[in-house]
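3D, please:
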Amino acid sequence: MTDDKSHANEGKISIQKPSLDKDLHKLSKLEDATRNASLHLGSSGIAFLFLALAGIIAATLLPNQPHSLIIIIAAIIGGYMALNIGANDVANNVGPAVGSKALTMFGALIIAAVFESAGALLAGGDVVKTIAKGIIDPSLVKDSQTFIWAMMAALLSSALWVNLATYLRAPVSTTHSVVGGVMGGGIAAVGFNAVNWSTMSAIAASWVISPFLGGLIAAIILAFIKTFIIYREDKIKAARFWLPILISLMAGVFSAYLMTKGLKKIWRPSSNEIMIYSSLIFIAVYLIMLPTIKKQSENMANRNQSLRTLFHFPLICSAALLSFAHGANDVANAVGPLAAILHAVQFENISATVRIPSWVMLIGAVGISLGLLLYGPHLIKMVGEQITKMNPMRAFSVALAAAITVIIASAFGLPVSSTHIAVGAVFGVGFFREYYTAKSKRRKKFIKKNPKTTKSETEFNIVKKEIQRRKLVRRSHFMVIVTAWIVTVPAAAVLSATIFFILNTFARY
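Below is the predicted model of the structure:
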């Protein structure tokens, strides 16, 4: 009898989770939450210290300026905008490389921070259109105080909006945020007639054109790689032929991209010069990569994992070059309105263009890099891992498509967003994968013929209902990001107009 009871008790004990395990599990969760909270507090502390230093730098370098408090506040807001650009916008440059495992998160953060800073300080434009690419006409603003409040409202509203988007993990265009802020401040200060609506129409068109074009080009590149390299009998032989050409094409396109968009302060080549130098770089890189790829691929197994290894180095280079070009171009989003405020306070003159002082550029460069290091990983994971699964071939398609799209848009004078292009390219890769998985006859034929070199046919032959259930692009992320894109300009404009009315009503200097 006793034995029966003991056996029953043993049975009861075996199906219950001991309270000690529950307590340990709770403690583990508590430790994780505490660690995350302490990291957040540490990041916030460093960010606040940077903003305080930005204000101190402004006060120290301009000690006897009239209305110095306005300059200090503007410097702090400019630093805040730079932090948000680093936290949100830079993810597009390194996200695909991280998602494909070509770069670790730490390596991506370091590379992006270094090259973003280098691009901002070495090649960042020293003359900026303070009215955000001609959005409003400064001659219609009645006095310098009104202009200062409008620029202050534009800077603060765009920073707040990008901050909110980062919190929601939605990569948005900081350029469009600034444009919306300037438009809203200009309308509040002068009226709707202050806005250059033809320029605004072109920007609105870019909301659709840039992500669609980036996605289309990325899908075409990935289709080419799948057709001519991945689904070939001898993958390594195909890679030896095509990969040097693809890498050389990337080198030529990126050199044209940098000459067009990223080196304006250092050098302004003509269209013919850009074409000639890009072609020479293409040839030089091809001659270097042809024997390099041949040597790297020796003794490699005929499988996709081998191909992924061959794509790692060009992905690292593309992340660095994209970061450099981004730093050169987008630092003006952080410090352009700040420079405009500084110019108006110092000279009491409203000008269409102003020169950005070196200390203002430094605040922008350091702020972008610091924002990336402190808050960038969340958006990097979103772009590189959570929209659709990345591997080096897909990440390569995204990077090359982003550079090609910018070149095409520049040739046609379209005001596109690098954020929209890069994220659109990620979407393009994901949606193409959905189509190719379900429809490609070449792929199905290859799988049946080569079951050992790919995943099993059972894994790949997913019925239509299963494909519908397991989308390769996460629709929830897609809807959040597209919605954020659509509302960026109007949201920043409304917020800017509200801030302007508050400043104009309650603030005087």
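
Residue 152 should be in a strand, yeah?
No - with DSSP: H, G, I helix; E, B strand; the rest coil as the criterion, residue 152 is assigned helix and is not in a strand.

Count residues in the vicinity of it, would you?
25 (other C-beta atoms under 10 Å). No exception for glycine: its C-beta is placed from N, CA and C like everyone else's.

repeat for residue 310
Applying other C-beta under 10 Å, we find 23 residues neighbouring residue 310.

tell me the mean pLDDT over the host helix or strand of residue 360?
Using DSSP states H and E, residue 360 sits in helix 358-381. Mean per-residue pLDDT for helix 358-381: 88.

As PDB, could you dump the C-alpha coordinates of it?
C-alpha atoms of helix 358-381 as PDB (Å, rounded to 0.1, in the frame of the first residue of the first chain):
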ATOM      1  CA  SER A 358      33.000  73.800 -38.600                       C
ATOM      2  CA  TRP A 359      31.800  73.500 -35.000                       C
ATOM      3  CA  VAL A 360      28.200  73.100 -36.200                       C
ATOM      4  CA  MET A 361      29.300  70.400 -38.700                       C
ATOM      5  CA  LEU A 362      31.100  68.700 -35.800                       C
ATOM      6  CA  ILE A 363      27.900  68.600 -33.700                       C
ATOM      7  CA  GLY A 364      26.100  67.000 -36.600                       C
ATOM      8  CA  ALA A 365      28.800  64.400 -37.300                       C
ATOM      9  CA  VAL A 366      29.300  63.300 -33.700                       C
ATOM     10  CA  GLY A 367      25.600  63.300 -33.000                       C
ATOM     11  CA  ILE A 368      24.800  61.000 -36.000                       C
ATOM     12  CA  SER A 369      27.600  58.500 -35.000                       C
ATOM     13  CA  LEU A 370      26.600  58.600 -31.300                       C
ATOM     14  CA  GLY A 371      22.900  58.100 -32.100                       C
ATOM     15  CA  LEU A 372      23.800  55.100 -34.200                       C
ATOM     16  CA  LEU A 373      25.900  53.600 -31.500                       C
ATOM     17  CA  LEU A 374      23.400  54.200 -28.700                       C
ATOM     18  CA  TYR A 375      20.100  53.600 -30.400                       C
ATOM     19  CA  GLY A 376      20.800  52.100 -33.900                       C
ATOM     20  CA  PRO A 377      20.700  48.400 -33.300                       C
ATOM     21  CA  HIS A 378      16.900  48.300 -33.100                       C
ATOM     22  CA  LEU A 379      16.400  49.700 -36.600                       C
ATOM     23  CA  ILE A 380      19.400  47.700 -37.900                       C
ATOM     24  CA  LYS A 381      17.700  44.500 -36.800                       C
END
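
For it, list every residue counted as buried.
By 16 or more other C-beta atoms under 10 Å, the buried positions in helix 358-381 come out as 359-377, 379-381.

Who are the packing partners of that helix?
helix 19-61, helix 68-88, helix 91-99, helix 105-123, helix 144-167, helix 312-347 (3 or more C-beta pairs under 8 Å, 6 or more residues apart in numbering; DSSP states H and E).
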